[in-house]
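> Quick one, structure for this:
(one chain, ligands or ions: 1)
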Amino acid sequence: MTVEQTGVVAQVAGDEETPTVASAGDMVKAAPLLEGELLTDEEYRRARSLTALAMSRLPARWHDRSHVSQLRTELVRHVVLAPARYPAAVTRGVPIALRTWWSWVSVKDFYDAAKQAQQLANRYEEIHRFRVRRRWWTLATTAGGGGGLTIASLVEGPVVWWIAGAVVSAGLAVTGRRKDKSGRSAVIRPRSIAWAMDGNNLVTAFREAKLIGKDEGLAFVQLPKRDSAGWAVVVDLPASRKASTAIAKREDLASALAVDEVQLIAERVRGKGGHAGRLSLWIADDDPYAAKPVDSPLGDVENWDFWQPTPFGTTARGQVVHLPLVWTSLLVGAIPRMGKTYAARIPVTSAALDPHVRLIVADGKGGKDWKAFELVAHRFIPNARAESIVRLIAVLEEVAADVENRFGQLAEMDDELCPESKVTPEITRNPVYNMPLTVIAVDEIQNYLEDETPLDPDQPKGKKRGQRVLELLTFIAKTGPAAGFVLILATQKPDSQVIPDKLRGQLGTRFALKVMTYQASETILGAGTYKAGMDASKLLKSHRGVGLLLGADGETDLDAGEALTVRTHLLHIKAIRAACHRGRALRELAGTLTGDAVGERQIRELPDEVAQRIQQSAAVNEPSVLPEDSEGPELPEVLGLLVNAIDDAETGLVATADLAARIGWDAKPLGEALRRHGVPPPTPSRQRINGSLHPVSVVDLSTIRAVVGNTAR
Ligand SMILES: Nc1ncnc2c1ncn2[C@@H]1O[C@H](COP(=O)(O)OP(=O)(O)OP(=O)(O)O)[C@@H](O)[C@H]1O
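The predicted structure follows:
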């Protein structure tokens with residue numbers, strides 16, 4: 001028996017009766033007698049790594065005790081079925097052997113090749129010579145073999161014939177054996193992961209998933225071995241096969257390996273030692289997200305430096321994922337109750353714990369989820385009621401002015417202090433410059449963006465409040481990061497109407513928890529992510545707090561183009577409140593508690609020149625309104641009618657039939673007229689919109705606007 005202690009391997013002397021000592025009639029049991037050799041830490045480590053190395057050389061199935069019973073079952077099955085299978089295999093083998101012999105004796109390959117090359121007449125004599133020679137060979141072998149066996153049987157008895165028969169029948173059985181197709185049919189029990197990890201089975205799985213061709217194989221860079229609660233293996237795909245394709249087809253591979261896709265973690269090996277065809281697989285024994293979530297370390301820390309990446313969650317393999325947010329912004333999206341607010345609050349809590357961060361929080365849901373941040377927030381918008389939306393607009397205008405102002409200040413600073421026209425930790429922490437890192441968190445952002453109330457009550461057709469919020473957020477997201485502004489936006493309605501491309505494109509880090517459709521997943525993660533195998537609609541509803549994290553702007557350490565599946569740390573409201581109390585105390589000490597948190601609710605007005613610049617920035621992205629007087633003699637009739645029929649706030653796709661009804665036309669002539677006047681249909685031209693059961697013909701309003709704008713110019 002070996003007892004393992006840290007750094008020590010001791011040998012127990014045996015299992016003899018433990019010595020006892022008699023004292024005053026009592027029998028006292030002495031400690032077991034140990035005999036051992038003391039090892040240094042280094043020797044112990046080396047011994048362990050040699051064992052691990054030796055283990056890794058064994059076939060994967062031998063690592064796993066549970067697999068033994070599966071092997072036993074398979075063996076018993078083969079033995080039981082053998083008496084029935086053997087004669088059948090021999091029977092199948094006879095015609096195959098005869099066919100093969102006939103093909104050889106008639107020199108079929110040579111004959112066919114000559115015929116195909118139209119050389120049969122020239123070659124016939126040669127072929128005939130071969131045929132005669134092979135017939136003689138057959139005759140000689142049969143006669144020789146038969147004669148030899150007859151003589152041997154006269155000497156040794158009939159056993160010779162039995163042996164010869166056994167050999168020939170075994171040969172025929174091998175020829176006629178049914179080549180088991182790999183796959184589930186050959187296995188009567190569910191396959192274990194250890195079984196799938198055996199080299200050949202892994203190659204078969206890759207073939208079945210169509211990740212490699214029938215004749216291709218895998219090169220094992222690291223043989224399958226146990227790695228925490230799962231199996232790890234690194235393979236090189238055949239030349240020209242890409243690891244990214246394998247990642248995109250993870251579900252097919254999981255099916256071929258007979259595991260749930262949540263158990264299969266496939267990653268490219270990058271950097272030194274990696275290349276585009278090197279794939280690392282980790283297959284968890286069980287659902288890695290079923291375990292208890294890890295508590296956030298932010299619950300325990302006294303303070304935090306927001307310049308440092310925030311611990312955000314863990315991967316399936318238990319590695320901690322840190323989220324750097326300076327220079328970038330975060331978008332979190334999911335269906336309700338999947339952990340969106342919990343996820344968004346993690347970086348906001350780390351900001352609350354840094355006394356040099358200015359916090360602006362808008363809670364579009366309006367409840368207690370964000371209330372604790374009122375203790376530290378420079379601006380706090382508690383809900384999405386009318387007065388709150390008006391205030392949010394004013395707050396964002398104040399921020400936009402601050403963004404502009406900071407760039408002016410940075411331009412004036414000496415090169416030593418500001419080498420790159422960007423804020424630095426020194427600048428953001430020094431109250432003299434008044435340029436703290438500023439985190440703007442907006443939960444349930446759709447409740448603000450969908451507000452259709454006109455900004456100016458006297459102009460009912462003018463800009464809507466939602467449009468204004470979008471315009472300001474886009475401006476801040478686009479211009480603000482270098483000046484120290486970070487946006488953290490969360491929504492339970494991730495569609496392109498709510499988060500248009502022009503805003504989403506500015507948010508460099510995206511976290512998609514469970515959503516219902518792959519389109520919603522793409523709205524959060526970005527176009528092309530579904531095709532690359534990133535689909536948050538495939539996440540399970542039981543996996544709260546689990547999402548795909550993608551760094552899309554190269555500013556973070558996250559891999560652009562490859563989302564990481566992360567389960568967020570758990571940070572309950574109680575811990576957040578305590579963190580906010582600590583953050584408030586730290587701010588009081590540093591003299592950085594400002595704004596709403598100390599009752600200073602007055603908001604500065606937006607200077608005219610900044611308002612104009614925001615306007616210009618919004619106009620570059622998309623003309624938000626149709627040209628005022630675009631109804632002129634040169635505007636075709638259909639476009640003239642549409643100018644009046646389309647609301648300024650409307651964007652995106654509209655059903656052609658709907659648009660036609662507004663101007664009293666039929667859909668078909670409208671479609672034809674639009675095409676005639678240079679308004680091409682979107683791709684695809686028929687789509688499901690507004691919950692329609694079937695795809696309907698659609699028109700893109702921005703294309704109409706662009707054509708009207710060009711025609712009217
Ligand atoms: N990392 C996590 N692990 C386990 N459970 C979590 C995790 N994060 C959040 N949850 C659980 O998920 C539930 C929903 O979280 P949250 O309130 O953040 O959802 P939401 O998406 O914001 O919902 P809603 O849209 O209704 O506000 C919470 O009860 C929480 O306990």
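
> Shouldn't Met516 be within a helix?
No: going by DSSP: H, G, I helix; E, B strand; the rest coil, the assignment for Met516 is coil, not a helix.

> Look at it and report its pLDDT.
In this model, Met516 is scored at 91, pLDDT.

> Pretty sure it sits against Ile335.
Yes: here Met516 lies in contact with Ile335, judged by Cβ atoms under 8 Å, at a distance of 5.9 Å. Quick note: C-beta positions are derived from backbone N, CA and C, even for glycine.

> More neighbours: which of those two?
Ile335 (18 against 12; other Cβ atoms under 10 Å).

> if I look at that one, how far off is Leu539?
Remark: distance between Ile335 and Leu539 (Cβ to Cβ, to the nearest Å) = 10 Å.

> what touches both of those two?
Shared contacts of Ile335 and Leu539, defined by Cβ atoms under 8 Å, 6 or more residues apart in numbering, are found at 513-515.

> can you list those residues in TSV and add neighbour count and distance to Ile381?
TSV is the format used below for the shared contacts of Ile335 and Leu539 (neighbours: other Cβ atoms under 10 Å; distance: Cβ to Cβ, whole Å):
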residue	neighbour count	distance to Ile381
Leu513	29	24
Lys514	27	27
Val515	27	26
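
> Take those residues and lay them out in CSV including distance to Glu444.
Formatted as CSV, the shared contacts of Ile335 and Leu539 follow (distance: Cβ to Cβ, whole Å):
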residue, distance to Glu444
Leu513, 14
Lys514, 17
Val515, 15
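
> Identify all contacting residues around stretch 583-590.
Contacts for stretch 583-590 (Cβ under 8 Å, 6+ apart): 303, 352-356, 375-376, 431, 593, 597.

> Buried only: go through the residues you listed for me.
352-356, 375-376, 593, 597 (16 or more other Cβ atoms under 10 Å).

> Just the residues you listed: which are in helices?
In helices, defined here by DSSP state H, the members of the buried ones among the contacts of stretch 583-590 are Ala352.

> Quick check: which of the buried ones among the contacts of stretch 583-590 are also close to the ligand?
On the criterion Cβ under 6 Å from any ligand atom, none of the entries of those sits beside the ligand.

> For Thr479, state which of the buried ones among the contacts of stretch 583-590 is nearest.
Nearest to Thr479 out of the buried ones among the contacts of stretch 583-590 is His356 (Cβ to Cβ; 21.4 Å).

> ok, and the closest non-adjacent residue to the closest one?
Among residues not flanking His356 along the chain, Arg429 sits closest, at 4.6 Å (Cβ to Cβ, 6 or more residues apart in numbering).

> per-residue confidence at that neighbour?
In this prediction, Arg429 carries a pLDDT score of 95.

> next one: His128
For His128, the pLDDT comes out at 89.

> what's the helix or strand for it?
helix 120-156 (DSSP states H and E).

> Looking at the stretch 401-550 of the chain, what residue ends up closest to the ligand?
In the stretch 401-550 of the chain, the residue that lies nearest the ligand is Gly545 (2.3 Å; Cβ to the nearest ligand atom).

> Show the contacting residues for that residue.
293, 313, 338-339, 342-343, 513, 567-568, 570 are the contacts of Gly545 under Cβ under 8 Å, 6+ apart.

> near the ligand, from those?
Taking Cβ under 6 Å from any ligand atom as the test, the ligand is in contact with 293, 338-339, 342, 567-568, 570 out of the contacts of Gly545.

> of those, closest to Lys225?
Arg567 (24.4 Å).

> Thank you kindly, that will do.
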